[in-house]
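Enquirer: Sequence first, then the predicted structure:
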Amino acid sequence: MDILSRLTALARRTTRRPLLTLLVATVATVASVMLVGRLRFNTDLADLLPADHPDLVELRRIQKKQPSDTGFMVLLSRNFLYATDEQGHALVHDGMRWKATPTGAPLYALWGFAVRDVFAAGAKGRVFHWDGKTWQRESSGSDVTLRGLWGRSAGELYAVGGGGAVLRRGADKKWHRVASSSKATLRAVSGNGSVLYAVGDGGTVLRVDKGGVLTAVAVPSKQRLRGVWVAKDGQVFIAGDGGTLLHYDGKQRWRALDSGTRANLNAVWGERPDAVFAVGDRGTALRFDGKRVVKEIFRIDDDMRALHGLRADRIWAVGRHCSLERRTTPVRRERGPQKKWMMVNWWDGPVDSKKEKKSAWPPAFLAPKKPCTRAYSAVWRPPNKMKAIIDFLPRLAKTLLASKLVGRVEYRKPVQFFIDRAFYYASIADLHKIHKYLADRLERETARATGLYVDLDDDDKDKKKDKDEVAELIRKYRASAAQRSEHYQHYDGASVGVLVFPKKGGSDIASLRRLRRELRAIIDKSNYHAVDPLLRVDIGGDGVAKIAEYEATIEDITGLAWLAVAGIVLVLVLYMRRLLALLFVLLPLAMSLTWTFGLTALTIGTLNMVTGFLFAVIFGVGIDYGIQLYGRYREVRVLGLPREEALDQMILGTGRATTTSALTSAAALLTLLITDFRGFSEFGFISGLGVLFALVSFLCVQPALLVLAERFGLLRLAAASDAQKKQPSAPLRAARVVLVVSAAAAVFGVVGTTQLSFEYNHRVLRPTGERSEILHRSDHCFGQSFTPTVMATGSRHRLRAALDAVERTRRRLGDKSAVRRASSILAAVPQRQAEKRVLIAGISKLLHSRRWRLVPDKSKKKIRLEKLRAMSKATPFGVRDLPPSVRRAFHGPGYGDSWLGMVYYGINISDSRQARRLKNQVGKFEGSPMVSVAHLLPDAKVFVEGQRVEVGCGGEAKAVAACRAKLVALAYDGKPVFAQVLGNAQAVAKKLAVEGGLRGDLLAIARPGLVPVQPKLAAAVTPSGHFSASSGELVIAEVVDVMLHDGKIAFVVALLVVFVACWVDFRSIKLAGLACVPLGIGFLWTFGVMYVLGIKLNMFNFVVLPALVGIGIDYGVHFIHRFEEGKESVALVRGALYWVLFFCACTSIVGFGNMALADHPGLRSLGQLAIIGLACIFVAATYTLPGLMGLREKRKRDAQR
């Protein structure tokens, strides 16, 4: 090829003027270093799409209209959990990680009075006390195995165990034995302020009263009893083997409850008698609601050993096989409630908390891949004491707001606003009920106060039920307005947050990092430990998420880059065995790297998640050329040939093969430029550029260095002896066996290729750790654990049309819909306020009646009279009247410049297939024309009654030609109704009801009968157009689609390019085919290994496939070139190249494979696949290809005979 001749000619000229060559290269390097400083790193996966991609354009448009603040959340936590296991570990979790203390004996029981006052007991009568720092052993005075602990107060603690032992720890902090006639093993103990119960084998139940008197209790069961819980009112619940669940009513009756299971029940706990929970073997979880036992479901099938809780939605259960489950309030969804029990921790074996880096509470709950050895035996959760922490929030917020970097601080939700206006969120019918209830209640209370009340309906259950329902209505609307908490509090009650937003223009990484340092400094100076010594303060939120992702990636890049350099230098030292030789390889390579990234800074300007690691990759791949060229130079010089001839063979011989392989690799990599996926195109551009610069540097700079080194006597390569000059030979033994094994492995690889799968869930590709847990908890404190899909419409009317279109799609698809609901700021403004105002005025008049003065204060307090009066004073309100924090969630920086609709989904949005389904449903749809008045004639009137709509002119419901021409649509109460121009009123009504999907409540005027309504004359017309929804998750789904489409094309094109390049170079299809054999066989083996190891392709490691095509062809090209260069035997060629190719493969594996050590799971998978692929291609090049060449050579010899 002409380009080969030009490059080799250029290389030969540089040897004549080595100083000038080095000077030019140095100047280019210095200029490139100055440009490299302009490079920026971008972690946004959405930017992997081309800038003009419609989905990316829409996302950026919506982001401009969304609130632009990137916030932090200062997270204040007091989150402790204690557990024991049968391996003898006492465990403390501080909210982020476990601390395990070995005690030397299995532990079975746990109880605490405070965070720094916890007891654990177990085998051989051992008792341990946690004082907040260490577990100290106490003498129990007994050597029996203790299996239960319970205490009334810090001065009274009971332990039960084998042989009927009952021990009591008094105020003197010493243990004493309570006299007991039972010899059965006792397994659990519980009580209240006046009595406690201990249960054990053979249906044994012992009762200890407040005076310490112990008596046996007969119960209707002889099973082994394992758990007991005593309610405040004296009711007792006992769990045991065979599904035994006993209940004592607190007076005299014991009964066996129908548990519906035969599994052993190991523990029971309750919040109150109608909220009692029991757990047992094989993942059994039961709940008693006061009437019957209901089965609940764990995610796992484990033998649950113990449970403890604070209330019904805050319970922790532990199991025999490492499982730790938490019961939370279920989230109501369109297709039923979410499971209440969720696994929160898996742990295999003791962990050194000093060395533990990852959080023990990961946001993604995954089972371990290896067998688990930890057997939990007990769990205890201290009560949440958040009042002092919540009282500290205003002071902390004021301190934070004093910072010059802070623009806004929020620590309280605008709950009071919605409480005061709760009546407006009630329906018309409910307001009528409330009015009637209050009127009846006032009448009854005043009659009682005046002595005129005669209760004739005490036994009327229906009337009592109606009263209860109305009272519940009042509580419901007030509670729904109040939400869960007026603070940003985590659902487990152990964390509360303060939202902090930077000043305008402070959302870049540098500003966010500066603000984070400022917040940390303010928090450290706030003396928060004075509020609670155990208080932990972390910083989370979107700002920290951006910083964390950026810092984690930068840490991986810098750390692994240095690791790659160190590994490659070590390989070079092992190969060259002299330090000076490193200069001839590393200096040209360093120059080529600066040229590459300098030009990248000048053209692209940024590195992304795929190209960020190319420094190490190019370092590992480019150094191969230096190894091959220097190896050939040293080989020739050792043979005794002069320097000029050695340079000729180095440049014209190995240099030609190196140029061919480099150009072929660069061509294969540069073919990625044809793809739209920027992860591929930029990867191909930078890596292809790096290969070309490495080639030029090694062909020009390395020979110049060698000439100068020998000229000044720095390099002395002595001629070898005759014995040393003999070329090594490495014949391939059992070539046929090697080929048969290779073919069999290739066939298996074909099968594995058909079984390969793609990882569509990009959540598993994200890094985890303590920072992830902080972000997870801060998200829950904020009340949003996911980001909805957003529609930016620009006006109120377009927003209504868009939301209606989404709702029609959801109803049409039914269970197949990915949409759970659609919402907007309009949902925060109740409809029909004018009508409700009339009814609320009547309620207010009733509540302010002077007759309430006659009612006793106790009765007024019971119905919350003062709070109801405050609620009745509210006036109608609109969007502009909503609290700023609510408006900011749906508007852009200025009011009214964007009307955002939020589409909430009921799918796993991290799965690209599910996200694509959501995108197909709401990504783009047509909006219908909407007119906000009945029609444009001034005398038009509309009649509404239930679901019947009649339209007429002049107040009459009849067909009129004058109306017919201009009648377009109806809209009432903000709900658009679409219709075409029809010939008569009945047809209009039918079409509106059918196609418009109307219901009576949408058109209701709240008055019975036929009511005429005069529409407004001003028309607000919104033309039909396109509405589109977008979010980062939907764009990532599009990224995956584009990557898969472009990746397949790039892979095939890369294969074709390398084959054509080899064909042009060798001028023989057979030789080109042989050069590509290692590539084809190596890929089949790679896919087979991936199938065996269960490695999936994903959006990160997919880029390796076309890159391996360009890198892996190098081995085959060098082998064929060396074979054809002197027509040497296959054994001699293999002997000369084996170790050279081996060390080249090692450097490439170190360069690519260092990413296998990355914290980022996606980049780690990229490194793993690169290691497998490069290793397979190397083995194919040094074993399969020589085997084929040997057979070819043997056939030629046989033919010549």
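Expert: Arrived safely. All figures in this text were calculated on a predicted structure; none of them were measured in a lab. Residues are numbered from 1 along each chain as shown.
Enquirer: Got the phi and psi for D302?
Expert: Main-chain dihedrals, D302, degrees, to the nearest 10: phi -120, psi 160.
Enquirer: Any stretches of the stretch 1001-1150 of the chain with poor pLDDT?
Expert: For the stretch 1001-1150 of the chain, applying pLDDT under 70 flags the ranges 1001-1033, 1125-1128.
Enquirer: how about a cut-off of 90?
Expert: For the stretch 1001-1150 of the chain, the stretches with pLDDT under 90 are 1001-1076, 1093-1150.
Enquirer: before we move on, what about the stretch 401-550 of the chain?
Expert: For the stretch 401-550 of the chain, the ranges with pLDDT under 90 are 401-517, 523-550.
Enquirer: Helices along that one, start to end?
Expert: For the stretch 401-550 of the chain, the helices defined by DSSP state H, counting those that start in this stretch cover 415-420, 428-450, 461-482, 509-525, 542-576.
Enquirer: how does this structure divide into domains?
Expert: Following automatic domain parsing, one gets these domains for the chain: 2-37+548-761+1033-1200, 87-356, 928-1024.
Enquirer: Any chance of those domains in TSV with distance to R811 and mean neighbour count as columns?
Expert: For the C-beta atoms, the positions are set from N, CA and C on the backbone; glycine is no exception. Shown next, in TSV, are those (distance: least, CB to CB, whole Å; neighbours: other CB atoms under 10 Å):
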stretch	distance to R811	mean neighbour count
domain 2-37+548-761+1033-1200	22	20
domain 87-356	11	19
domain 928-1024	8	16
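Enquirer: Can you pull out the low-pLDDT segments for the stretch 601-750 of the chain?
Expert: 604-684, 687-688, 691, 695-696, 698-742.
Enquirer: try 50
Expert: Scanning the stretch 601-750 of the chain for pLDDT under 50 picks out 720-726.
Enquirer: burial of P856, as a residue count?
Expert: 11 (other CB atoms under 10 Å).
Enquirer: Quick one: end-to-end length of stretch 247-256, please.
Expert: By CA to CA, to the nearest Å, the extent of stretch 247-256 from end to end equals 6 Å.
Enquirer: what sits up against it?
Expert: Here stretch 247-256 makes contact (CB atoms under 8 Å, 6 or more residues apart in numbering) with 218-221, 231, 233-238, 244-246, 257, 288.
Enquirer: Could you check the helices of the stretch 401-550 of the chain and tell me which one is nearest T15?
Expert: Closest to T15 of the helices of the stretch 401-550 of the chain, according to CB to CB: helix 542-576, at 20.8 Å.
Enquirer: angle of that closest one against helix 509-525?
Expert: 110 degrees (axes from the mean of the first three to the mean of the last three CA atoms, to 10 degrees).
Enquirer: Return the list of helices and strands in contact with the helix or strand just after helix 542-576.
Expert: Tracing the chain past helix 542-576, the next element assigned as helix or strand by DSSP states H and E is helix 579-603. In this structure, helix 579-603 packs against helix 18-36, helix 542-576, helix 614-638, helix 678-711, with contacts taken as 3 or more CB pairs under 8 Å, 6 or more residues apart in numbering; DSSP states H and E.
Enquirer: coming back round to it: of the domains of the chain, which approaches R916 most closely?
Expert: Per CB to CB, nearest to R916 of the domains of the chain: domain 2-37+548-761+1033-1200, 4.9 Å.
Enquirer: I'd like the distance from the closest one to the chain centre, please.
Expert: 36 Å (CA atoms, centre = their mean, to the nearest Å).
Enquirer: picking that back up, let me have the helices of the stretch 401-550 of the chain in CSV, extended by distance to G688.
Expert: Output for the helices of the stretch 401-550 of the chain, formatted as CSV (distance: least, CB to CB, whole Å):
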stretch, distance to G688
helix 415-420, 59
helix 428-450, 69
helix 461-482, 60
helix 509-525, 29
helix 542-576, 20
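Enquirer: Of all those helices, which one is nearest F80?
Expert: Closest to F80 of the helices of the stretch 401-550 of the chain, according to CB to CB: helix 509-525, at 20.2 Å.
Enquirer: List the buried residues of the closest one.
Expert: I509, S511, L512, R513, L515, R516, E518, L519, I522, I523 (16 or more other CB atoms under 10 Å).
Enquirer: Out of those, flag the one nearest to P102.
Expert: Nearest member of the buried residues of helix 509-525 to P102, counting by CB to CB, is I523, at 34.7 Å.
Enquirer: how about the nearest residue to that closest one, chain neighbours excluded?
Expert: Nearest residue to I523, sequence neighbours excluded (CB to CB, 6 or more residues apart in numbering): V537, at 5.2 Å.
Enquirer: And the one you found, how close does it get to I522?
Expert: Using CB to CB, to the nearest Å, one obtains 10 Å as the distance from V537 to I522.
Enquirer: Pretty sure V585 is one of the things L579 touches, is it not?
Expert: No: counting by CB atoms under 8 Å, L579 stays clear of V585, with 11.4 Å between them.
Enquirer: and A198, what are its phi and psi?
Expert: phi -120, psi 140.
Enquirer: Who are the contact partners of it?
Expert: Per CB under 8 Å, 6+ apart, neighbours of A198: G148, Y158, V160, V166, L186, A188, V189, V205, L206, V208, V228.
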